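predicted coordinates and the sequence they were generated for:
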Amino acid sequence: MTRDDTLAGVQSRTIETDRLETHLLESADPDADGDPVVFLHGNVSSSRFFEDRLTDLPESHYAIAPDLRGYGDSETKPVDATNGLGDFAGDLEALFDELGLETPVTLVGWSNGGGAAMRYALENPERVSTLVLVNPLSPYGFGGTKDLEGTPCFDDYAGSGGGTGNDEFVAGLTNRDRGEEGEASPRKILRTYYVDPTHEFDEEREESYLTGMLDTATGDENYPGSAAESENWPGVAPGETGVNNAIAPKYCDLSGITDIDPDEKPPVLWIRGDSDQIVSNESLFDLGTLGRMGQLPDWPGEDVFPPQPMVDQTRAVLEEYADAGGEFEEVVFSNVGHTPHLEVPSEFMGELEGVLE
């Protein structure tokens, strides 16, 4: 599978490995002298969200943006949530081997892609030169934890996983709805939550990003995933398949990056927008936040199920990472939401090029 609508200077092709047929976008020469750069997209998105940045990179760096399994134009295969983000990390390792990427890569992971990047670095630290995390998933997953150590609100991790997805939004993805109606339509979510509400997309680029969202495989084995009944609030706990279960704290714990050998710890650049509504200490996609706002009935209260302190959890783990021999830098962009690479591209590229230099 290849795309025929890529931006000038960007190529599209599909690489077959023993794990997955992976579609990717690429720029520059695979034999370029600089470290390769790999961009990993987030949940309900695709390589399209990094296509513009591929055109901005110096030609001295070969760059790729793959579509993860079940997204974009890559093959759809089930996600084994019981292995956390292991399926995605394994797919990346097979892809890099097939591409012959022997030089350590600069790994840029956005949102859930940040979680996949951490998992890959955990297992292959010698193959990562720098880890760039862009509004990343908390090392303790998404939903259902209440403190800096990632303590679950309930023993069965109720309140996280596939059962917490928005049915209207999932239906919009399944039906490839490009309309503007409905509070949970894909286009509405893109305009309202992927970016700071003051940001407006170029019309042509918005259509491409929307396509990237709609190219998400839906169902119990992909997005949002399966669910298990629970006696705890709000009545659902993680199932065993699908991406939202793979990032549930029951299966997703990336805090082990602190244990990477100090000689192999890649430096970490953490970039985030200060008005992110998706990954924040009061995420509007977190049931603890919605319960406190009165949007969900029977919320058990702040002591039992507070909003997950996602940003504070990430900072605590990265501080421990530094204390254990690594290094990290936190860069915060003001009035920027969940996609700094789209909202403030010049500033974002300035930080990335600083890493590459």
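Great, that's in hand.

check which residues of stretch 327-336 are buried.
F328, V331, F333, V336 (16 or more other Cβ atoms under 10 Å). Every C-beta, even on glycine, is put in place using the N, C-alpha and C of the backbone.

for the last one, helix, strand, or coil?
By that I understand V336. In three-state terms, and counting by DSSP: H, G, I helix; E, B strand; the rest coil, V336 is coil.

do you know how far the residue lying closest to it once chain neighbours are set aside is from P139?
Counting by Cβ to Cβ, 6 or more residues apart in numbering, V336 lies nearest to G273, which is 3.1 Å off, once chain neighbours are set aside. Per Cβ to Cβ, to the nearest Å, G273 is found 19 Å from P139.

tell me the phi and psi of P152?
phi -70, psi 150 (degrees, to the nearest 10).

secondary structure of E51: a strand, I assume?
No - E51 is assigned helix when assessed by three-state DSSP, not a strand.

could you report the pLDDT at it?
E51 is assigned a predicted lDDT (pLDDT) of 98.

pull the contacting residues for it.
T6, L7, V10, L25, A65, S208 (Cβ atoms under 8 Å, 6 or more residues apart in numbering).

can you report how many residues lie near the last one?
Counted with other Cβ atoms under 10 Å, residues neighbouring S208 total 19.

coming back round to it: can you lay out the buried residues of stretch 327-336 as a markdown table showing secondary structure and distance to P186?
Output for those, formatted as a markdown table (DSSP: H, G, I helix; E, B strand; the rest coil; distance: Cβ to Cβ, whole Å):
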| residue | secondary structure | distance to P186 |
| --- | --- | --- |
| F328 | strand | 33 |
| V331 | strand | 29 |
| F333 | strand | 25 |
| V336 | coil | 21 |
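
nearest to P152, of those?
F328 (25.6 Å; Cβ to Cβ).

what are the bridge partners for the closest one, then?
V268 (DSSP bridges).

now do the contacts for it.
By Cβ under 8 Å, 6+ apart, the neighbours of F328 are P267, V268, L269, W270, L318, E319, Y321, A322.

filter those to the buried ones?
For the contacts of F328, buried by 16+ other Cβ under 10 Å: P267, V268, L269, W270, L318, Y321, A322.

tell me the one of those nearest E229?
L318 (35.9 Å).

can you list contacts of the host helix or strand of the closest one?
Element membership for L318 (DSSP states H and E) is helix 310-323. With Cβ under 8 Å, 6+ apart as the test, helix 310-323 has contacts from 133, 136-140, 142, 145, 148-150, 254-255, 257-258, 265, 268, 270, 272, 279-281, 283, 286, 328, 330.

dump the contacts of F328 into a markdown table; add distance to Y71 and pLDDT as well.
Below are the contacts of F328 laid out as a markdown table (distance: Cβ to Cβ, whole Å; pLDDT from 0 to 100):
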| residue | distance to Y71 | pLDDT |
| --- | --- | --- |
| P267 | 28 | 98 |
| V268 | 24 | 98 |
| L269 | 24 | 98 |
| W270 | 23 | 98 |
| L318 | 27 | 98 |
| E319 | 32 | 98 |
| Y321 | 28 | 98 |
| A322 | 32 | 98 |
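
show me which of the contacts of E51 are buried.
The buried subset of the contacts of E51 - by 16+ other Cβ under 10 Å - is T6, V10, L25, A65, S208.

would you give the sheet partners of whatever helix or strand the fourth one lives in, along with the direction of each?
Going back to what we said before, that points to A65. Using DSSP H and E, A65 sits in strand 63-66. The pairing partners recorded for strand 63-66 under DSSP bridges are strand 21-27 (antiparallel), strand 37-40 (parallel).
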